[in-house]
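Colleague: okay, predicted coordinates and the sequence, questions at the end:
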Amino acid sequence: MQTTSITTQIPADFQRVLDRLHSALAAMMNGDPEPYMAMWSHSDDVTLFGAWGPCKRGWAELSKTFRWVASRFGPDSECIIDDLVVQVCGDVAYTVGYERGDMVMDGERRPTTIRVSHIYQREAGEWKMFHRHGDFAPIDQSAGKV
């Protein structure tokens, strides 16, 4: 897992969260959802708008979905996390960027680009994820027209 461009000074405690998230996503993309699931709040208000369609609310629903997502990935998936924006304001933070890579999904290796936004909040003094929105990046139809 590799990280590329970040456009703001990131507090050290939040940078550790991002480093941990990148490792957790690498595990997820190789079939192990547990490190990624440990990053999330277990609140009834956590939300997921997933790239494969699931729009879920509440930890019970998200935890089942994360296990399903991990089951779709195969060994040796590779992903580069490209956080374009990282903002931390008090006890709330967000990231906006891409997950790009050569991923094994449902037994087939394919190049993949997912646009992602994450929202974090401190919970009992620890940063936890509260929302993820991911989708497969469409072709930019405005290219050369704006």
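Modeller: Here it is on my side, so go on.

Colleague: show me what whichever strand or helix holds Thr95 is packed against.
Modeller: Here Thr95 sits within strand 92-105, counting by DSSP states H and E. Packed against strand 92-105, as judged by 3 or more CB pairs under 8 Å, 6 or more residues apart in numbering; DSSP states H and E, are the following elements: helix 12-28, strand 78-89, strand 108-123. C-beta: built from backbone N, CA, C; applies to glycine.

Colleague: and the longest one, what other elements does it pack with?
Modeller: With contacts defined as 3+ CB pairs under 8 Å, 6+ apart, helix 12-28 has these neighbours: strand 2-3, helix 34-37, helix 59-72, strand 78-89, strand 92-105, strand 108-123, strand 126-136.

Colleague: can you pull the pLDDT of Ser77?
Modeller: According to the prediction, Ser77 has pLDDT 83.

Colleague: what about it, neighbour count?
Modeller: 20 (other CB atoms under 10 Å).

Colleague: wait, it touches Asn30, no?
Modeller: Yes - using CB atoms under 8 Å, Ser77 is in contact with Asn30, at 5.9 Å.

Colleague: least reliable of the helices and strands packed on helix 12-28 going by mean pLDDT?
Modeller: With a mean of 46, strand 2-3 has the lowest mean pLDDT of those.
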